[in-house]
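K.L.:
sequence unavailable; structure follows:
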RNA sequence: GCGUCCGUAGCUUAGUGGAUAGAGCGCUGGCCUCCGGAGCCAGAGGUCGGGGGUUCGAAUCCCUCCGGACGCGCCA
């Protein structure tokens, strides 16, 4: 669709005294398909050309009459409305997708560039709640999308394995913990200790002091403290990895905060050499008042470091050692100020690539309208959510498709897909109120709906194999040129094809906005167009030539949906 | 108090300068002697938070007020 726009734009650009790119960008899809397939509003040009829009539209329409890719051109209320020849889009789409379906989506705009994405990054010894789902899922989808657009992508799990919070867990364990209990159920038991610490600290403020002391011992290399710390990490990681496997998430590096312990001194020194550090109440900070931000604390008054220092060291590592040109951080929007500060400090340190650092923020996860507070033990375990979704999928399969050969595998794919899609389908900045009734509903704009559509397409293709001879199956793949003139699709076929032809535009918008929900919406639009086509037009019982064409369309849709789901880290079962 | 973000149907939302503001859930009513009914079609439901401004044109841009979320030096 993009190439058609450009082709048309080239014809009219000089008359409109605009660049072809601008003309192409101004072309839009009419709200009502009766009006046409593409439209150009001419109001913008009125001032510059000193003509009324209606007149300009007529002039443009005249120019476009000669365009071979158009079926008709009409003028209405200052709009030029164009109908495109079905065969033109058909042949383009099938030609572009013939080598690989991905070519319909990407032009590989970022070949030779490398991006590092920081995502998921849970805290050790804390449960993996639904709140972590957002970062994990958005990050994974983003990584897949950017790789597809030509980037070499590095996925980094910046584990929270350091910091004062760790002192709390260690202090709590030494006070109330038992080795046996932890061994029995590591993540939940360690979490209990963390919650109890916060409860008791409300009565006993000096506990906070003890926690800071424990963390100090950790930083100073105390043997027993380190032993406990490593043990906690080991146990927690095992738990996390189980969830990542279920979600189909993979990281190139697990680089926890502790990884940067020996890399922070260099940062402090550099800041000092560049006269960026000032002392304030015993702490060392970078003053950012000139940019209307509070100071960025680099070293606390007790001498220990803080997360800003670690994030600086991590950024330098990712750029200098991993050679990433772009650094993305998929982290909640509550940390917006923090990242603004860190990026500004990088800038002040003379790192011009700080402008390629992006905080991909997302909204808060709530549960039934209430804020989730890890400290108070108010947590919804992601494991539990996935388990419930899988069970729901399993019971639906039981009632709708009891003869399915691999019901457990499909239940897992569909249940997990429902949870992922539910999270990805809305704009990432919005807060999400997590409700089981929404997640466990598999009707309407959901992951299972897209998966179902894909399975349906697969089913038709399977059936075609058994009912149609091999020779006929292999005969026509696209429309023969001789048929070009008379080649007209039904309204349902045409709107499906047009929707698929917009893959590139949706994909690039999703990448440019770092927003997987754009892809999710595209999947829904294609699914809906396909289901309508499936309902309106018979496929297997149609006459030969038409049947071939419809099977081509089914095959195309199947691949488009499977690929779209893949970009969202959702599996596409062939039957469900 | 200051800063950032958000406010669209009962609920969840799309549309961020163009035609009559699109969907889904829920509700009501249709559609399988026919390729999968996790589907398709139709109906009811909207002061696009309020007001002002810019523009040929505003849900979209600017100002202001209201409501909400988050943040504002030693947590991450």
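P.N.:
Thanks, I have it. Please read all numbers here as calculations on a predicted model, not as lab measurements. Numbers count the residues shown, from 1 in each chain, chains lettered A, B, ... in the order given.
K.L.:
tell me the pLDDT of the residue of the stretch 351-500 of chain A found nearest RNA strand B.
P.N.:
When scored by CB to the nearest atom of the strand, the stretch 351-500 of chain A has residue A:444 as its residue closest to RNA strand B, at 2.3 Å. From N, CA and C alone the C-beta is placed, and that goes for glycine too. You'll see residue A:444 listed with a pLDDT of 95.
K.L.:
what do you get for the one 4 residues further on?
P.N.:
Each residue has a pLDDT score; the one for residue A:448 is 97.
K.L.:
in three-state terms, label the residue of the stretch 351-500 of chain A closest to RNA strand B for me.
P.N.:
coil (DSSP: H, G, I helix; E, B strand; the rest coil).
K.L.:
any idea how far residue A:21 is from it?
P.N.:
Applying CB to CB, to the nearest Å, the value for residue A:444 to residue A:21 is 38 Å.
K.L.:
now residue A:492
P.N.:
Distance, residue A:492 to residue A:21, by CB to CB: 33 Å.
K.L.:
could you do residue A:293 as well?
P.N.:
With distances taken as CB to CB, residue A:293 is found 37 Å from residue A:21.
K.L.:
one more: residue A:12?
P.N.:
Distance of residue A:12 to residue A:21, given as CB to CB: 13 Å.
K.L.:
which one's more surrounded, these two?
P.N.:
Shown here are residue A:12 and residue A:21; by other CB atoms under 10 Å, residue A:12 has more neighbours (21 against 12).
K.L.:
hmm, that one is touching residue A:62, no?
P.N.:
No - Residue A:12 is beyond contact range of residue A:62, at 10.0 Å (criterion: CB atoms under 8 Å).
K.L.:
in three-state terms, label residue A:510 for me.
P.N.:
Going by three-state DSSP: residue A:510 is helix.
K.L.:
kindly report the residues of the stretch 301-450 of chain A close to RNA strand B.
P.N.:
By CB under 7 Å from any atom of the strand, the residues of the stretch 301-450 of chain A that approach RNA strand B are A:301-302, A:306-307, A:310, A:333-338, A:364, A:371, A:393, A:396-397, A:400-401, A:410, A:414, A:426-427, A:429-433, A:438, A:441-446, A:448-449.
K.L.:
for PyMOL, what selects the buried ones among the residues you listed?
P.N.:
Entered in PyMOL, the line below selects the buried ones among these, by 16 or more other CB atoms under 10 Å:
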select buried, chain A and resi 306+307+310+333+335+338+393+396+397+410+414+432+442+445+446+448+449
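K.L.:
doesn't residue A:359 lie inside a strand?
P.N.:
Yes - Residue A:359: assigned to a strand according to three-state DSSP.
K.L.:
contacts only, for it.
P.N.:
With contact taken as CB atoms under 8 Å, 6 or more residues apart in numbering, residue A:359 is in contact with A:329, A:331, A:335, A:336, A:339, A:340, A:343.
K.L.:
highest neighbour count among the residues you listed?
P.N.:
Most surrounded of the contacts of residue A:359: other CB under 10 Å gives residue A:329, at 26 neighbours.
K.L.:
contact partners of stretch A:30-49?
P.N.:
With CB under 8 Å, 6+ apart, stretch A:30-49 has contacts from A:4-5, A:8, A:12, A:16-18, A:23, A:26-29, A:51-54, A:56-57, A:60, A:72, A:74, A:76, A:78-84, A:491, A:495, A:498.
K.L.:
is that stretch anywhere near RNA strand B?
P.N.:
Yes - applying CB under 7 Å from any atom of the strand, one finds stretch A:30-49 touching RNA strand B at A:30, A:31, A:32, A:35, A:36, A:39, A:41, A:43, A:44, A:46.
K.L.:
can you check stretch A:158-174 too?
P.N.:
Yes - with CB under 7 Å from any atom of the strand as the criterion, RNA strand B is reached by stretch A:158-174 at A:160, A:162, A:163, A:164, A:165.
K.L.:
and which of the contacts of residue A:359 is nearest RNA strand B?
P.N.:
Of the contacts of residue A:359, the one sitting nearest to RNA strand B (CB to the nearest atom of the strand) turns out to be residue A:335, at 4.7 Å.
K.L.:
residue contacts, the closest one?
P.N.:
Going by CB under 8 Å, 6+ apart, residue A:335 touches A:359, A:361.
K.L.:
now do the strands in the stretch 351-500 of chain A.
P.N.:
Remark: strands assigned in the stretch 351-500 of chain A by DSSP state E, counting those that start in this stretch are A:357-362, A:365-367, A:370-371, A:432-434.
K.L.:
name the strands paired with the third one and say parallel or antiparallel.
P.N.:
Just to be clear, that refers to strand A:370-371. Note on strand A:370-371: by DSSP bridges, its sheet partners are strand A:365-367 (antiparallel).
K.L.:
for the stretch 251-400 of chain A, give me the ranges with low pLDDT.
P.N.:
Scanning the stretch 251-400 of chain A for pLDDT under 70 picks out nothing.
K.L.:
and the helices in it, which stretches?
P.N.:
Here the stretch 251-400 of chain A has its helices, by DSSP state H, counting those that start in this stretch, at A:264-273, A:307-320, A:336-348, A:382-400.
K.L.:
generate TSV for those helices, with distance to residue A:67 as supplementary columns.
P.N.:
Converted to TSV, those look like this (distance: least, CB to CB, whole Å):
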stretch	distance to residue A:67
helix A:264-273	59
helix A:307-320	48
helix A:336-348	47
helix A:382-400	48
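K.L.:
which one of those helices lies nearest to residue A:93?
P.N.:
Counting by CB to CB, residue A:93 lies closest to helix A:382-400 out of the helices of the stretch 251-400 of chain A; the figure is 32.7 Å.
K.L.:
just the pLDDT for the nearest residue to residue A:427 once chain neighbours are set aside.
P.N.:
Using CB to CB, 6 or more residues apart in numbering and skipping residues adjacent in sequence, the residue nearest residue A:427 is residue A:517, 5.5 Å away. In this model, residue A:517 is scored at 96, pLDDT.
K.L.:
got the contact list for residue A:517?
P.N.:
By CB under 8 Å, 6+ apart, the neighbours of residue A:517 are A:424, A:425, A:426, A:427, A:428, A:510.
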